[in-house]
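Student: Kindly return the folded structure for what I paste below:
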Amino acid sequence: MDYTFRLAGSDDASAIARLYGASRLPGAPETPGQFERLVQTGHAFLAAESGGRLIGAVRFRDEEGIGWFDLLVSGRPWAGAQLVRAVERGCQDRGIRLVRTRCEDWRLLEDYFARLGYLAIGRGRSEAGDAELLLERRLPLLTVREQRRSDAEAIGGLLGEDPWVFEQGARPGWFVASDGEKVVGVIQAAGMGHGVARVSVPVILAGYRGRGIEAWMVQRAAEYAETNGFHSAEMEASPVLAGSRKALEDRYWVLDGSGWKRVFFTPRSGEYDEQLD
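Tutor: Residues are numbered from 1 along each chain as shown. Purely as a prediction, here's the structure:
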């Protein structure tokens, strides 16, 4: 089942209090007032929704370069697992590689988190004196890099093309977004003539869209064009990029008519050249 995720706020206090009240998790906010006080004092909660109903929540934070979560609760099968994955995606987007949580030292819970990739790295006692586990998962590195021969099949699948040409080796101007070793997106920068580079609209797997990766991929392709002597770049104004408008504008892209355009810095003038031809 698919769920949507968002930050929980004061408007969710009653629904979240009902979830936590039924779970009886130690330290969980069991009344709307308790939840509101936590939110007002800087605690962040991620909520899971299905069919317009709030059916799960988790508290999360960053601490010295490590992502933490706790107070995981769900009212549907596997909603909790998807909430954990949503927390992990947010950590990846912020460049965090380690995620940790604590739970009761109970074999069923340890097995549950083991299936999600978490290993016990320590044992201790909670504030209430109960035995608990410290669990940790190292996340894959989310990055945008040059295409490799080994990416051929994934690129072919994303583009709906024969991967043969990519199997011959790295192709100049082609870049992939990768989640560890998994290729999740592809983009190209190629010459159009007269010093102008054409940047393709990034193609990204559905689960990775809307996380800012699109603008990151466009930036990587633009850097390639700039360092290879192009004075400007153009890109189609695709709906795929609708949510990336501010990020692209922050990177000096301008939406002009039917497409995006970017002019690169010219050392000769010390300014951005305003001419596109």
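
Student: what about residue 250, how many neighbours?
Tutor: Burial of residue 250, expressed as a neighbour count using other CB atoms under 10 Å, amounts to 11. Glycine gets a C-beta too; all of them are placed from N, C-alpha and C.

Student: measure it to residue 32 for me?
Tutor: In this structure, residue 250 and residue 32 are separated by 38 Å, where distance is defined by CB to CB, to the nearest Å.

Student: so what's the nearest residue to residue 258 once chain neighbours are set aside up against?
Tutor: Spatial nearest neighbour of residue 258, excluding adjacent residues (CB to CB, 6 or more residues apart in numbering): residue 237 at 5.8 Å. With contacts taken as CB atoms under 8 Å, 6 or more residues apart in numbering, residue 237 has the following neighbours: 255, 257, 258, 259, 260.

Student: go on, residue 103?
Tutor: 109, 110, 113, 132, 133, 135.

Student: Just the endpoints, please. Distance across stretch 176-186?
Tutor: Taking CA to CA, to the nearest Å as the measure, stretch 176-186 stretches 4 Å from start to finish.

Student: Identify all contacting residues around that stretch.
Tutor: Counting by CB under 8 Å, 6+ apart, residues outside stretch 176-186 touching it are 92, 140-148, 151, 154-155, 158-159, 174-175, 187, 202-205, 207-208, 213-214, 216-217.

Student: One more pass at 6 Å, please.
Tutor: Applying CB atoms under 6 Å, 6 or more residues apart in numbering, the set of residues contacting stretch 176-186 from outside is 140, 142-144, 147, 151, 154-155, 158, 202-205, 208, 213, 217.

Student: now stretch 196-206
Tutor: With contact meaning CB under 6 Å, 6+ apart, stretch 196-206 is reached by 158, 184-192, 214, 217, 221, 225, 230, 232-236, 238, 240.

Student: and the residues you listed, which of them are in helices?
Tutor: Assigned to helices by DSSP state H, the following of those qualify: 158, 214, 217, 221, 225.

Student: is it true that residue 79 touches residue 56?
Tutor: Yes: contact status for residue 79 versus residue 56: in contact at 4.2 Å, counting by CB atoms under 6 Å.

Student: If you count surrounding residues, which of those two has more?
Tutor: residue 56 (25 against 20).

Student: Need the three-state assignment for that one.
Tutor: What DSSP: H, G, I helix; E, B strand; the rest coil gives for residue 56 is strand.

Student: would you turn the contacts of residue 103 into TSV with pLDDT and neighbour count?
Tutor: Formatted as TSV, the contacts of residue 103 follow (pLDDT from 0 to 100; neighbours: other CB atoms under 10 Å):
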residue	pLDDT	neighbour count
109	92	14
110	93	16
113	95	20
132	93	20
133	94	20
135	97	21
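
Student: Report the two of those separated the most.
Tutor: When those are compared pair by pair using CB to CB, the farthest-apart members prove to be 113 and 132, with a separation of 12.3 Å.

Student: ok, back up a step: buried ones among the contacts of residue 237?
Tutor: Applying 16 or more other CB atoms under 10 Å to these, the neighbour count classes residue 260 as buried.

Student: Let me know the closest of the contacts of residue 237 to residue 64.
Tutor: Nearest to residue 64 among the contacts of residue 237 is residue 260, at 38.2 Å by CB to CB.

Student: From what I see, the closest one and residue 252 are in contact.
Tutor: No: with contact defined as CB under 6 Å, residue 260 does not reach residue 252; the gap is 10.4 Å.

Student: Looking at the contacts of residue 103, spot the one nearest residue 22.
Tutor: Comparing the contacts of residue 103 against residue 22 with CB to CB picks out residue 109 as the nearest, at 17.7 Å.

Student: Distance check, that closest one against residue 30.
Tutor: Residue 109 sits 21 Å away from residue 30, going by CB to CB.

Student: Assign the closest residue to residue 230 other than its chain neighbours to helix, strand or coil.
Tutor: Beyond its immediate neighbours in the sequence, the residue positioned closest to residue 230 (CB to CB, 6+ apart) is residue 197, lying 4.1 Å away. Put simply, residue 197 is strand when judged by three-state DSSP.
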